[in-house]
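[1] Pasting a predicted model and its sequence here:
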Amino acid sequence: MKLPENFSTDFPGLIQALEQTGPSLSVRFNTARGARIPENLERVPWCGNGVYLQSRPAFTFDPAMHQGMYYVQDASSMIHSHIVAEITAGREPLLCLDACAAPGGKTTAMLDSLPHGSFILANEYVTARAESLNQNLLRWGNPMVAVSNGDTSRLRKFSSMFDIIVADVPCSGEGMFRKDPEAVRQWSPQLVADCAGLQKEITANLWEALKPGGYMIYSTCTFNRKENQEVVAHMLENFEGASAVDVEVPQQWGISKVGHCMHFLPGTVRGEGLTVAVLRKSAVPDMRMPKKNIEKQRSKAASVPQQVLQAASKWISGNDEYAIKQFGDIFYAQPKQWEQELNLFNMQLKMINPGGIGFAQIKGRDILPQQALALSCALLPRAFHQYDTDYPQAIAYLQRQSLQLNETAPRGVVLLTYRGAALGFVKNLGSRANNLYPPAWRILSTHVPEKAPEL
Ligand SMILES: C[S@@+](CC[C@H](N)C(=O)[O-])C[C@H]1O[C@@H](n2cnc3c(N)ncnc32)[C@H](O)[C@@H]1O
């Protein structure tokens, strides 16, 4: 691989590693949804659920990926689950913001290591990317998440609200050189300077929203000082109450520390380029900030039909912990613990997912369960009749074809499973089963491989 002409780095051996070695490949398993980690795969040292793959399977044709049983993620990026576990150990449920979140790798990693009951607002600037972020998070199945779409300046008004903010900012992408030829083509010294400016702007917006005593995890997938050490120095100098936090990492992981930044360098770690720094806002409250009164801004809940409330109690585990609300034509179960914060987000942001589980829609006389419920960790195990598909049926379902189940299959709404885990709903009429898979999620290719790819 040929690097950009003006590219240089102070890290010995990095140029050679970028030019002469290929990218690594890894996935993180969703153990909260019952995924089992294959014994034969090498583990990512800093992430218990992460493993390296030797070769690239055809992920598109693996039902397990669509079921959210694993997420394809670069090993270096899995460090966020370690950092979050370190800084939150033993704490109460926390409110978090993942400010540049698409396609959702860091959000799903954080969801797995936050204290139980914590909630993440995942925001993305680019609308199309916010949609795919939402899909990935629904596949992951953790109900403690909402998705918004907008510029980080809109998040300033949530003054001192979040316990943890992840700023995985847009950058010049030097860490992607091995993986993405476009990153090589786009790189220039001017891009580095422009990104550094944008990163200072984004982090300033987010610092306003950080609670005193809260943590900001800053990361880039680039190596240079301008977008890393210099941005961190700028934050320490200019952001009120900012101090650097040293997160313990064992030496054998091979992570290089320069100043307050941890660098993942290809050739030294098995993963792509990533730089991370952790900052903390001092715990003394800033007296200039107006005390927020979330209670006053609470929205009035429209009355929810009795049949929807009954469905929620039959379908959702821990149903009492959720408030049932309608957004558009979908009914959501939102965690009561974060109800006031969710009201505020829904009033002030453009929401792609208003938060919680979008579990039902009324269609004529039916209440149709939604795909988000099929894949949710909160789905009660025996809420629906189930039917286990074989591989060709699972692929046909994901291509959104109508299926024919065998004669003994139950009629009405049935939850299809594949290898024991939920795939999605059909309405079985006997002669055929209508496919309820969301049209936007379907596999576009009509190809069906003979057998399922194995990781
Ligand atoms: C490094 S990527 C995020 C990756 C994501 N955190 C993950 O782990 O899957 C940076 C994100 O910032 C978004 N972005 C682009 N311009 C932005 C801006 N001006 N403000 C905030 N985010 C922006 C990009 O669309 C992209 O999704």
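    Noted; the coordinates are in hand. Numbering: from 1, shown residues only.
[2] The strand or helix carrying Tyr387: which residues count as buried?
    Assigned by DSSP states H and E, Tyr387 belongs to strand 385-389. By neighbour count on 16 or more other C-beta atoms under 10 Å, the buried set for strand 385-389 is Gln386, Tyr387, Thr389. C-beta coordinates here come from the backbone N, C-alpha and C atoms, glycine included.
[3] Only the buried residues of the longest strand along the chain, if you could.
    Secondary structure of the chain per DSSP state E: the longest strand is strand 210-220. By neighbour count with 16+ other C-beta under 10 Å, strand 210-220 contains the buried residues Leu210, Lys211, Gly214, Tyr215, Met216, Ile217, Tyr218, Ser219, Thr220.
[4] Dump these into a markdown table; add distance to Val448 and pLDDT as well.
    Shown next, in a markdown table, are these (distance: C-beta to C-beta, whole Å; pLDDT from 0 to 100):
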| residue | distance to Val448 | pLDDT |
| --- | --- | --- |
| Leu210 | 49 | 98 |
| Lys211 | 50 | 98 |
| Gly214 | 49 | 98 |
| Tyr215 | 47 | 98 |
| Met216 | 46 | 98 |
| Ile217 | 42 | 98 |
| Tyr218 | 44 | 99 |
| Ser219 | 39 | 98 |
| Thr220 | 40 | 98 |
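[5] nearest to Leu97, of those residues?
    Leu210 (8.4 Å; C-beta to C-beta).
[6] hang on, that closest one packs against Val166?
    No. Using C-beta atoms under 8 Å, Leu210 makes no contact with Val166, being 11.0 Å away.
[7] Tell me the residues that contact both of these two, please.
    Both Leu210 and Val166 are contacted by Met216, under the criterion C-beta atoms under 8 Å, 6 or more residues apart in numbering.
[8] Show me which residues of the chain are close to the ligand?
    77, 100-106, 124-126, 129, 151-152, 168, 170, 198, 202, 221 (C-beta under 6 Å from any ligand atom).
[9] confidence score at the spatially closest residue to Gln73 that is not a sequence neighbour?
    The shortest distance from Gln73 to any residue other than its chain neighbours is 4.4 Å, reached at Gly105 (C-beta to C-beta, 6 or more residues apart in numbering). Note for Gly105: predicted pLDDT of 98.
[10] residue ranges with poor pLDDT in the chain?
    Low-confidence segments of the chain, defined by pLDDT under 70: 285-302.
[11] Give me the domain ranges for it.
    14-24+74-281, 293-383 (automatic domain parsing).
[12] Comparing the ones you listed, which comes out most buried?
    domain 14-24+74-281 (a mean of 20; mean count of other C-beta atoms under 10 Å).
[13] That one: end-to-end distance?
    Separation of the first and last residues of domain 14-24+74-281 by C-alpha to C-alpha, to the nearest Å is 34 Å.
[14] what about whatever residue of the stretch 201-350 of the chain ends up closest to the ligand, which helix or strand?
    Nearest to the ligand, among the residues of the stretch 201-350 of the chain, is Ile202, at 5.3 Å (C-beta to the nearest ligand atom). Element membership for Ile202, per DSSP H and E: helix 189-209.
[15] which stretches of the stretch 151-300 of the chain form helices?
    Counting by DSSP state H, counting those that start in this stretch, the stretch 151-300 of the chain has helices at residues 181-186, 189-209, 229-238.
[16] returning to what we had before: turn the buried residues of strand 385-389 into JSON lines, including distance to Pro449.
    As requested, the buried residues of strand 385-389 are arranged in JSON lines below (distance: C-beta to C-beta, whole Å):
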{"residue": "Gln386", "distance to Pro449": "25"}
{"residue": "Tyr387", "distance to Pro449": "22"}
{"residue": "Thr389", "distance to Pro449": "15"}
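[17] Can you show me the strands along the stretch 201-350 of the chain?
    210-220, 242-245, 256-258, 261-264, 274-281, 322-327, 330-335 (DSSP state E, counting those that start in this stretch).
[18] Point out the other helices and strands that the fifth one packs with.
    Translated: strand 274-281. helix 79-88, strand 210-220, helix 229-238, strand 242-245, strand 261-264 (3 or more C-beta pairs under 8 Å, 6 or more residues apart in numbering; DSSP states H and E).
[19] Out of these, which gets nearest to Ala452?
    Closest to Ala452 of the helices and strands packed on strand 274-281 is helix 79-88 (C-beta to C-beta; 27.3 Å).
[20] Doesn't Asn123 lie inside a helix?
    No. With DSSP: H, G, I helix; E, B strand; the rest coil as the criterion, Asn123 is located in strand rather than a helix.
[21] List the contacts of the nearest residue to it once chain neighbours are set aside.
    Take Asn123 and drop its neighbours on the chain: the residue closest to it by C-beta to C-beta, 6+ apart is Ser148, 4.6 Å away. Neighbour list for Ser148: Leu121, Ala122, Asn123, Glu124, Ala130, Phe345, Leu349, Lys350, Met351, Ile352 [criterion: C-beta under 8 Å, 6+ apart].
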